[in-house]
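Peer 1: Give me a model of this one.
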Amino acid sequence: MTENEISKIIFDCGMKVHRKLGVGLYESVYEQCLEYELKKAGLKVERQKEISIIYEELTIERAFRVDMLVEDKVIVENKAVPEITDYYCFQLRNYLRLTKLKLGMILNFHSPLFKNGVKRVVNGLQD
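Peer 2: Purely as a prediction, here's the structure:
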C-alpha cells in the first residue's frame, strides 16, 4: 500500500471520528478513537512511538515521539488547537527527514470543518 493510499484511509477515519465526537475534546481522546478506526480498517498503527536518531557517532535514544506511525510509512500528528501553525509543519518535516519517511499528516480535530484542519507534509514523495 502506498503512502497516498494510506493517507486516504487516515483522512476517512479522521473524518468519521470528527463527525461522531465534534470539536472540543482533548487530543488524546481523538487519538485513541482514530487508532481504533485505523485498526478497524486493517492498518498497523503504533501510538506514541518513540524514535531514536543518530547524530554523527552519537545515538540519541527516544529523541522524539510521534503521535502515530501508520503502516511504518506515514506519521500522523493529532492536534486539538485553534489553528495549525508553521511550527507544527516544521516539526513534522523534521520528523520525516530524520526518519527518512515521505509523508506526514497533521489532523486538527478542533477545526469546525475537518478537511480544513488537515495538512499533508511531504519529504520527497512522488504522486
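Peer 1: What strands flank the longest strand seen in the chain, and is each parallel or antiparallel?
Peer 2: Secondary structure of the chain per DSSP state E: the longest strand is strand 58-70. Paired neighbours of strand 58-70 in the sheet (DSSP bridges): strand 45-55 (antiparallel), strand 74-79 (antiparallel).
Peer 1: what's the closest of the ones you listed to Ser28?
Peer 2: Ser28 lies closest to strand 74-79 among these, at 8.4 Å (C-beta to C-beta). Where you see a C-beta, it was placed from the backbone N, CA and C, and this is true even at glycine.
Peer 1: Just give me the longest helix of this structure.
Peer 2: Counting residues, the longest helix in the chain under DSSP state H turns out to be helix 3-21.
Peer 1: rewinding a little: what's next to the longest strand of the chain, contact-wise?
Peer 2: For strand 58-70, contacts defined as C-beta atoms under 8 Å, 6 or more residues apart in numbering pick out 6, 10, 31, 34-35, 38, 43-54, 75-78, 95, 98.
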